[in-house]
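K.L.:
Please find the sequence and the predicted model below.
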Amino acid sequence: MKYVHLLIRAAAIVFAAGTLAFAAASAHESLAVQSGTLYLKSAPDAEAVEALRMATTMQAQVTGNVARVHVIQTFSNSGKDWVEGLYVFPLSADAAVDELFMTVGERSIRGEIQEKAKAQASYAQARSEGKQASIVDQERPNVFTTAVANIAPDSTVTVEITYLETVPYRDSRYTLRLPLAITPRYTPGVVLDPAAPLAAANAALANAANGTSATPERVTPPLQNVDITVELAPGFPVSSVTSPHHVVEISNDALGKKIHLAGSRIPADHDFELVWTPAVADDVAAAAFAEKVGDDTFTLLVLTPPNVADDATQPREVTFIIDTSGSMQGPSIEQASAALQMGVDRLKSNDRFNIIRFASDYSSLFTAPQTVDASSRIRASQFIAALRADGGTEMRAPLEHAMSAPRSAGFLQQIVFMTDGSVGNEAELIALIHEKIGETRLFTVGIGAAPNAYFLEQAAAAGRGSYTFIADREQVRSRMQDLFRKLERPALVDLKLLWPGNLTADLAAGMPGDLYAGDPLVILARLPAAPSGLLTLSGRIRGEDWIHRIPITRVDEQSGLSKLWARERIADLSRRLQFGGDREQLRTSILDLALRHHLVSEFTSLVAIDDAVVRPPGSSGHVEQAPTSGPAGGYWAATGFAKTATPAELLLVCGLLSLMFGCLWFWAEFRPGLAR
């Protein structure tokens, strides 16, 4: 009898959990009455009131190949209580975040860089004292949090964050990417409620309890809107300027072009890309700049290697890995499948290949790579056509399987990894790739409207390959062709850099050993003196020597090269942390660099505090988290809940089945007159 009661009670709990999660998803959708506004209820029968509103404006000034981006976030409290606002948002993984301004009425307060614990303590004290304050924290290299304390009823607080980044020149075009949406992260072994009003605290509790690294994003249908303006001054004539995913208005100004999003209330559910192509593209594009700050000179070198064809391509053994988890539902799995089919079609008869799909588990097309022939192509096409997206995002096992497979002599080993990168254990996976990759090369393909760019870039770097982004189906052919040209052509190897005057440079990160056609080489260095003369870069292609000499252009001290150097050095030190370096020594180095160059990092935050006390003693207040837009076309575009992390439907079905089973068991055991 005791066990029957326990079974029924467990079934009821599971049923209730599933019902609540399912109802929460439905209620959340019904409360999102209009784009940009969220309505909340204090009780089921209470009147819905408008909650904290968010508006985002982004202004970018691009000079040459360096972008200064201003992210302006407006928090509006139309309620009757004092509110602390919280907003989780994406930025470029390479962003050097260095400025914070908080504006309240006519007052503007500049943020200070502080060690994270000190900044959070300062913010907490200001909040408790009734002062208006703001803090910007880095949750991950490409996920940040803004908190604003003591927003008065019927008032607005504006927070402006600025950052620097280099604009990559890849495959004969420049691309400025402004992240707008977040694909929720799946962390193995952890289930978080993405609808929790304090998602950041929820994530912190899970991290402390489980030793994990979950992110605090709360992702919803596209409630947030964005306004974007780009002032483009490339310094050379351009043949085209396009925005692949947004309608823009383009006009000429004194220095170049001005680009603005067309229309109003544009949903922030798709990363913004601006692409421009030089009017005359050389086979080798190179530029070097120098900025003097104090006694040091900081330099930036950007180069794309020659596009050399190779008729005698070495036979390749290619393993395709495709993500079929729940976050890939909708257009993402269609794009990935189309890209995968194109990859198989492109293989030559002397190549070998295999396909691995993964979600909560993984399976492969063949037990080992097979020769490309009519039969293997047909089996591959059937395998691809049957792919469906559902389940968790367990990447480690399929990556280990692909990297540990026996190698065939005489073949160039390559892995093509197609995913949206929606994982929370990036550091673990990057360390795994770094340790296990051997002589194989790993190429990542980012799928969807808002892929996890940080993970994809770092995974490719650890795998000595390159990364490609495919945001919609129309890009599959062109972007995959760019990738296959890399896979099929020789790399520029044994790279060496010789500075004029035999100066010894302190590179922000190590030189890559080789470089693929179309991929950029970006080197940031600190020199003890200003260089004069030509910088020499050398290497080998197909066993032949290659040399290129580049003049160095002097720029003014406000160009930001010193901050870009510091940000790249911090990123390099952070990678060493992931690979098991001395944590205390690396932490001290990161903290020193971030404080000296006024940068947000994993150990520093920007905090702005107004001295005036504004919240009356004893007044009521609460915390609200403004939701972040989920990516267009995915599961969250309709529900706002992460299918890989919140199995509401599964819990509901399991609960119903368990409850039915328990009732039948109870009836069979205890109905009157039944012989025992």
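P.N.:
Nice, I can see it.

K.L.:
Run through this structure and note the low-pLDDT ranges.
P.N.:
Screening the chain residue by residue with the criterion pLDDT under 70, one finds the ranges 1-51, 189-222, 280-283, 307-313, 490, 633-676.

K.L.:
In it, which residue is most central in space?
P.N.:
Computing the C-alpha centroid of the chain and ranking residues by Cα atoms, centre = their mean puts residue 452 first, at 3.0 Å.

K.L.:
hey, where'd the helices end up in the stretch 1-150 of the chain?
P.N.:
Secondary structure of the stretch 1-150 of the chain, counting by DSSP state H, counting those that start in this stretch: helices at 2-31, 116-128.

K.L.:
go on, the stretch 351-500 of the chain?
P.N.:
For the stretch 351-500 of the chain, the helices identified by DSSP H, counting those that start in this stretch occupy 374-385, 396-404, 426-436, 453-462, 476-488, in order along the chain.

K.L.:
neighbours around the nearest residue to the residue nearest to the centre of the chain once chain neighbours are set aside, how many?
P.N.:
Once flanking residues are discounted, residue 452 sits nearest to residue 421: 3.1 Å by Cβ to Cβ, 6 or more residues apart in numbering. Every C-beta, even on glycine, is put in place using the N, C-alpha and C of the backbone. Here the neighbour count serves as a burial measure; for residue 421 (other Cβ atoms under 10 Å) it reads 28.

K.L.:
do the same with residue 591
P.N.:
17.

K.L.:
what's the helix or strand hosting it in contact with?
P.N.:
Element membership for residue 591 (DSSP states H and E) is helix 583-597. Contacts to helix 583-597, defined as Cβ atoms under 8 Å, 6 or more residues apart in numbering, come from residues 96, 98, 113-115, 562-563, 566-567, 569-570, 573-574, 576-577, 599-604.

K.L.:
The residue nearest to residue 452: what's it in contact with?
P.N.:
Here residue 421 is in contact with 183, 444, 446, 451, 452, 453, 454, 455, 456, 459 (Cβ under 8 Å, 6+ apart).

K.L.:
ok, for the last one, nearest residue in space, not its chain neighbours?
P.N.:
Ranked by Cβ to Cβ, 6+ apart and with sequence neighbours excluded, the top spatial neighbour of residue 459 is residue 444, at 5.2 Å.

K.L.:
Then residue 602?
P.N.:
The spatial neighbour of residue 602 that comes closest, neighbours along the chain excluded (Cβ to Cβ, 6+ apart), is residue 138 at 5.7 Å.

K.L.:
Thought residue 97 was touching that neighbour, still the case?
P.N.:
Yes: proximity of residue 138 to residue 97 meets the contact threshold set by Cβ atoms under 8 Å, at 7.4 Å.

K.L.:
These two: which has the busier surroundings?
P.N.:
When residue 138 and residue 97 are compared on other Cβ under 10 Å, the one with more neighbours turns out to be residue 97, at 28 against 22.

K.L.:
Surely that one and residue 136 touch.
P.N.:
Yes: between residue 97 and residue 136 there is a contact at 6.9 Å, judged by Cβ under 8 Å.

K.L.:
Need the overlap of contacts for these two.
P.N.:
Among the neighbours of residue 97, those also in contact with residue 136 (Cβ under 8 Å, 6+ apart) are 144, 161, 600, 606.

K.L.:
just the buried members of those residues?
P.N.:
144, 161, 600, 606 (16 or more other Cβ atoms under 10 Å).

K.L.:
Contact partners for the first one?
P.N.:
Right, residue 144. For residue 144, the contact set (Cβ under 8 Å, 6+ apart) comprises 88, 89, 90, 91, 97, 136, 137, 138, 161, 600.

K.L.:
Tell me what the first one is bridged to.
P.N.:
When bridges are taken as DSSP bridges, the partners of residue 88 come out as residue 145.

K.L.:
my guess is it contacts residue 181, does it?
P.N.:
No: in this structure, residue 88 is not within contact of residue 181 by Cβ under 8 Å, at 11.4 Å.

K.L.:
re earlier: ok, the buried ones among the shared contacts of residue 97 and residue 136 vs residue 537, which is closest?
P.N.:
Among those, residue 600 lies closest to residue 537 (Cβ to Cβ), at 32.1 Å.

K.L.:
In space, what's closest to that closest one - neighbours in sequence excluded?
P.N.:
Here the residue nearest residue 600, using Cβ to Cβ, 6+ apart, is residue 97, at 4.1 Å.
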